[in-house]
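> give the three-dimensional model of this entry:
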Amino acid sequence: MCWQAMTASDRRPVFFGCALDPDERDESIQEKIHLSETDSQKSDPYSEIMRLVRQELAPETWEERGVIDVPPWLSPIPPTIARKNITLDNLIYFIDGNGCRDFAQAAGKFAEEYIFPNIPCMIGVDHSLTGGVFGSSVSFYRPAEISLIVVDSHVDSLPTSVMSGAIQYDMATNPESMHDPNDPFLRNRPDSYNASSFLQYLLEDGAVDPENLYLIGISDFPPKRAFRIKDDRIKNYVDCYSTLKRNGVKILTKKDLSLSPAALNNLIRRVKTPYVYISIDMDIGARNALGGVRFQNYQGINENQIYKIAKSLRKLLDQDITLAGMDVMEFNPRRAGSGETQSDDRTYRIAFNLIKTICFPPEAFLNRS
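Alright, predicted model coming up:
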């Protein structure tokens, strides 16, 4: 069936994965170096979540296309032979050279060649991959026709130079600063495409209309006092957030979610495009509902609150709006569990429950308990 003739009801979620993990933080590097080779079998969150998909979803309601290969040294749990390549300089070279963008484009091309016109459902690590798949979706649904809904603790639209400036200011003025003077962000880094900036690139490239970008659960929105600081480093930092809101991006912070139970549904009701792409950064529940994610600098929301967001998104799709794509990202397989296997951590179980709730009607569930 050609994609032009395929109706929305004919389309089904098609799963694929990409375990790209170019995390340059020292804690991540040390974790990778010190893990035993036997742990490498759990290096890809795709295999863990697909195990639950196969067990609990009717097989005729979904398809799978496997994974996009990454170099072993860039995987979450590299084999021993590759660990000599896991150095800070190598990771900086990869990120500063826009290696994340290369892989994002590869993910987008994978969706174009093997998934469209069905619904890509990506299970991955580095959130920058979302930009590639969403960007390819725009080739089918014009920017004016598709909204991007991101559930995340971070805004992911900050240039590296701006983040560096904010870190430098904090270290210079805060005696209790948690930042490390050896942080690689302080090395006069170029502004590259990465997990902290990919939304900036989507906006600048015109892939997403700012009026159609929704950020839910944000914890890193600056406090009011930050907007009164005169230092250029902080002025540049807070201006990134102000510009997003001024241009029409909808931002619902974690605090907003807790203060106003109606805020979530009020925000989602503002979606007017016929298609949506939903991206979930699993750090939305970090240090609360789950622990198997890369960035845990902010405590996220609890499991019930996460499901509330998923149910609200499902209500949106039960109306006249069609799911164009979805992803669940930012896993740390070195710490993640299903709650049923290697640990009590429920990262993979919660991620699967989100996929199940958002992408599938109840009749697709094999186990409805």
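> show me what contacts the closest residue to Asn212 other than its chain neighbours?
Nearest residue to Asn212 in three dimensions, chain neighbours excluded: Ser147, at 4.1 Å (C-beta to C-beta, 6 or more residues apart in numbering). In this view, the C-beta of every residue, glycine as well, is placed from N, C-alpha and C. Applying C-beta atoms under 8 Å, 6 or more residues apart in numbering, we find Ser147 in contact with Asn212, Leu213, Tyr214, Val271, Lys272, Thr273, Tyr275, Val276, Tyr277.
> and the pLDDT for the first one?
Pointing back at Asn212 there. On the pLDDT scale, Asn212 is placed at 97.
> that older thread, of the contacts of Ser147, which is the most crowded?
Counting neighbours by other C-beta atoms under 10 Å, the top entry in those is Tyr277, with 25 neighbours.
> for the residue nearest to that residue when sequence neighbours are not counted, what are its contacts?
Once flanking residues are discounted, Tyr277 sits nearest to Gly325: 4.5 Å by C-beta to C-beta, 6+ apart. Neighbouring residues of Gly325 by C-beta under 8 Å, 6+ apart: Ala111, Ile119, Pro120, Cys121, Met122, Val133, Phe134, Ser137, Tyr277, Ile278.
> now the helices: where do they sit in this structure?
Taking DSSP state H as the criterion, the chain carries its helices at 26-34, 45-56, 88-96, 99-114, 129-137, 160-173, 198-204, 232-246, 254-259, 263-268, 303-317, 347-359.
> Tyr247 and Asn118, how far apart?
Rather than Tyr, residue 247 is Asn. Applying C-beta to C-beta, to the nearest Å, the value for Asn247 to Asn118 is 32 Å.
> between these two, which one's more packed in?
For Asn247 versus Asn118, the count of surrounding residues by other C-beta under 10 Å is larger for Asn118: 19 against 12.
> isn't the more buried one right next to Thr61, touching?
No - using C-beta atoms under 8 Å, Asn118 is not in contact with Thr61; the gap is 11.5 Å.
> intersection of neighbour lists for those two?
Common contacts of Asn118 and Thr61, defined by C-beta under 8 Å, 6+ apart, comprise Arg12, Pro13.
> Provide the backbone phi and psi angles at Pro181.
phi -60, psi -20 (degrees, to the nearest 10).
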